[in-house]
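Peer 1: Sharing a model that was predicted from the sequence below.
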Amino acid sequence: MAEQSGTAVKYPETQEPDIDVLAQRLDRAWEERFTIPPLTESEGVTDAATAYAIQTRWTALRVARGERILGRKIGLTSKAVQEQMGVNEPDYGTLWASRYFPTVNGRAEAPIDIFLQPRVEGEIAFLIGETLDTPGVTPQQVLAATEALAAAIEIVDSRIDNWRIRLADTIADNASYGGLTLGPWSRDLRKSDLRTLGMIMSHNGRPAVFGVGAAALGHPATAVAWLANKLQSFGIPLRAGDIVISGALAATIPARRGDIFVLEMHGQPPITLRFV
């Protein structure tokens, strides 16, 4: 009913989310190690554009304090996960160098105390050799522009309570980025059929999950092409020198103190990540 006794009913105005405030909230949660309620529930952030604006502002806050950007990560590349979350495309985040854990003789260590609710997943990493900034980037152009590839273990983590995320939550939360370690870069891997490239992730000495390159949008280069085109829609090129991790090849595995994960990828030396 629009009117009562000749007086118009006043409905509450919809308030736009404050991008700066929400970016600062996520940054504080990252720095001080606490979780927050889903932004989709507490702040009404439901659209991807707003969520990407929050993510971009958060990255800018960190860069202003000295953070360095290594490249990009792609998430939600599995069709099953997309259907579960009610979306029809992946998302992306930014790889922050402060959470890169280099390998020494194939082994890396990550301090468990800096994470909130970490999980690990195996991926294929691309080292972009030529900037991709033309419209309609194809998987073939991605492969031609790739300098080398590597096996990668991504640590995913969430600042959102109990991983209770929807699409806008994980986008705003830098696509649930936690950390990263890489195996050696391989130019020979460019000659492989990445679609059929297999991997095994072992957890504390036992094989836990098995994956294949086709799990990332049918082909990892297809995922990177999607990223290049998505970035261009925001006026951002995928630059030479960027590292891109192209999406999980199998299910994630929760990580705890003392856990040891070994990623074996066909034709590549194994990489080990230990949480200390």
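Peer 2: Received it, and whenever you're ready, just let me know what you need.

Peer 1: Please enumerate the helices of this structure.
Peer 2: 19-32, 39-42, 48-64, 79-85, 139-145, 167-172, 220-233 (DSSP state H).

Peer 1: average pLDDT for the fifth one?
Peer 2: In this model, helix 139-145 has an average pLDDT of 97.

Peer 1: mind checking which helix or strand of the protein has the lowest mean pLDDT?
Peer 2: Lowest on mean pLDDT, DSSP states H and E among the helices and strands of the chain sits strand 3-4, with a mean of 37.

Peer 1: circling back: which of the helices of the chain has the lowest mean pLDDT?
Peer 2: Minimum mean pLDDT among those: helix 79-85, a mean of 70.

Peer 1: Show me the shaky parts of this structure.
Peer 2: 1-15, 80, 84-85 (pLDDT under 70).

Peer 1: how about 80 then?
Peer 2: 1-17, 78-88 (pLDDT under 80).

Peer 1: now the strands for it?
Peer 2: 3-4, 7-8, 69-75, 91-96, 107-110, 119-128, 146-156, 177-182, 198-203, 206-212, 243-245, 253-254, 260-265, 271-275 (DSSP state E).

Peer 1: Let's have those in a markdown table, adding distance to Q140 and mean neighbour count.
Peer 2: Quick note: C-beta positions are derived from backbone N, CA and C, even for glycine. As requested, the strands of the chain are exported to a markdown table (distance: least, CB to CB, whole Å; neighbours: other CB atoms under 10 Å):
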| stretch | distance to Q140 | mean neighbour count |
| --- | --- | --- |
| strand 3-4 | 62 | 8 |
| strand 7-8 | 60 | 8 |
| strand 69-75 | 18 | 22 |
| strand 91-96 | 21 | 22 |
| strand 107-110 | 33 | 19 |
| strand 119-128 | 14 | 26 |
| strand 146-156 | 11 | 23 |
| strand 177-182 | 24 | 24 |
| strand 198-203 | 23 | 18 |
| strand 206-212 | 20 | 14 |
| strand 243-245 | 16 | 26 |
| strand 253-254 | 33 | 14 |
| strand 260-265 | 23 | 21 |
| strand 271-275 | 28 | 20 |
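
Peer 1: Now distance to A168 too, for those, in a markdown table please.
Peer 2: Compiled in a markdown table, the strands of the chain are given as follows (distance: least, CB to CB, whole Å):
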| stretch | distance to A168 |
| --- | --- |
| strand 3-4 | 36 |
| strand 7-8 | 33 |
| strand 69-75 | 13 |
| strand 91-96 | 10 |
| strand 107-110 | 28 |
| strand 119-128 | 20 |
| strand 146-156 | 17 |
| strand 177-182 | 16 |
| strand 198-203 | 29 |
| strand 206-212 | 27 |
| strand 243-245 | 22 |
| strand 253-254 | 24 |
| strand 260-265 | 30 |
| strand 271-275 | 29 |
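
Peer 1: mind checking which of those strands is nearest T35?
Peer 2: strand 177-182 (13.0 Å; CB to CB).

Peer 1: Cool, thanks, talk later.
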